[in-house]
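1. Show me how the following folds:
(one chain, ligands or ions: 1)
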Amino acid sequence: MSSTQTQATVLIPGKLHPHAVSRIEERFRVVRIERGDAALLDEEARRAVRGIASATVIDAALIDALPNLEIIANFGVGYDVVDAAHAGARGVMVTNTPDVLTEEVADTAIGLLINAVRELPRAEAYLRAGRWSQEGPYPLTRGSLRGRSVGIFGMGRIGRAIARRIEAFGLPVSYHNRRQVEDIDYRYHPTLLSLAEAVDTLISVAPGGTATEKAVNADVLAALGPEGVFVNIGRGSTVDEEALADALRSGTILAAGLDVFVDEPNVPEALMACENACLLPHVGSASVHTRQGMADLTVDNLIAWFTEGKALTPVPETAHVGQKR
Ligand code: 8YV
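-> Below is the predicted model:
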């Protein structure tokens, strides 16, 4: 490994996990800007940048403004904020952080599901408000996991980890995915609507992007039925939030558990008003342990690229970029 290889300049737009930043600073020259906007860089800096490490929007305009860019290391398994197709067309590698967050996010999905169905956050609020001692036991919950049938939208690594947990709860699992997954026995539905018709509990782990935009719409929610529960641990953009708020308000479905929203950190008033929704501030992977693993994998991708000429976890759109230029 020569020193010139590791002295590449890495751009960090916006906030990034401090462990990732300090490891990048140890190995590379670092340029930091507030957001992924090339206008914040002078010509010399634009020419110098060979890598990006980020958890924010990296669009085609920024990619095009950096003539020597080789790799974008995205902090997060979901990389809808990066124009990976454009990067791939330009021969720029994009990496993400799979595996290291799988079990954590699956755990959070189960927490959300139980919270939504058994109203645990509301029951705790009842206790803390002194109502248990004043008014007696919290009312019995209409919802229960018992007898449910669970559909998973998005059967990737996290979808499988959730499915394993659901199986352990003794509940049947079926799924919808872009394509059928070969090595699993869960029942496959070629459309999201047919999955929703077959189950009463839908857990979305689907990635963002145009292919999934507002896929969970009024029809899908209605198909879940009045005992329906919807959990979203994937991306907010996959849901028609207005339709979801309507479905929760009108009793079209029973409850929802949401960790992700269309315009984070802004949560629509209409959802805030729904007491039958458990709302979390995108904490799916947010433990010290797991975020450390994500930070390490983000940086390890940059180091592998600039020392060995290959990325550890390339995204499919840039798999062909295999070798450093
Ligand atoms: C993080 C996530 O919140 O990995 C993802 O796709 O959504 C989460 O783990 C996010 O990556 C932080 O930027």
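2. Pretty sure V260 sits in a helix.
-> No - counting by DSSP: H, G, I helix; E, B strand; the rest coil, V260 falls outside a helix, being coil.
3. residues contacting it?
-> 232-236, 282, 284 (Cβ atoms under 8 Å, 6 or more residues apart in numbering). For the C-beta atoms, the positions are set from N, CA and C on the backbone; glycine is no exception.
4. What subset of those residues is buried?
-> By neighbour count, with 16 or more other Cβ atoms under 10 Å, the contacts of V260 hold 232-236, 282, 284 as buried.
5. Count the neighbours of the closest residue to V57 other than its chain neighbours for me.
-> Of all residues not flanking V57 in the chain, V81 sits nearest, at 4.7 Å (Cβ to Cβ, 6 or more residues apart in numbering). Per other Cβ atoms under 10 Å, the neighbour tally for V81 reads 18.
6. Repeat that for the one 5 residues further on.
-> Using other Cβ under 10 Å, H86 has 18 neighbouring residues.
7. Which element, helix or strand, includes it?
-> helix 84-89 (DSSP states H and E).
8. what residues does that helix touch?
-> Defining contact as Cβ under 8 Å, 6+ apart, one finds that helix 84-89 is touched by 58-60, 63, 72, 93-94, 315, 317-318, 320-321.
9. Report the two of those residues separated the most.
-> Spatial extent of the contacts of helix 84-89 (Cβ to Cβ) is set by the pair D59 and H320 at 21.0 Å.
10. State the distance from L254 to V299.
-> Distance, L254 to V299, by Cβ to Cβ, to the nearest Å: 43 Å.
11. the more surrounded of the two?
-> For L254 versus V299, the count of surrounding residues by other Cβ under 10 Å is larger for V299: 25 against 22.
12. That one touches P18, doesn't it?
-> No - using Cβ atoms under 8 Å, V299 makes no contact with P18, being 11.8 Å away.
13. Neighbours of the residue in the stretch 51-200 of the chain positioned nearest to the ligand, how many?
-> In the stretch 51-200 of the chain, no residue comes nearer to the ligand than G76, which is 2.3 Å away by Cβ to the nearest ligand atom. Residues within reach of G76, counting by other Cβ under 10 Å, total 19.
14. Report pLDDT for it.
-> G76 carries a pLDDT score of 98 in this model.
15. residue contacts, it?
-> Residues in contact with G76 (Cβ under 8 Å, 6+ apart) are 55, 96-97, 285, 294.
16. which of the residues you listed come close to the ligand?
-> Restricting these to those near the ligand by Cβ under 6 Å from any ligand atom leaves 55, 285.
17. Among the contacts of G76, which pair sits farthest apart?
-> Largest pairwise distance in the contacts of G76, by Cβ to Cβ, is 12.1 Å, between N96 and S285.
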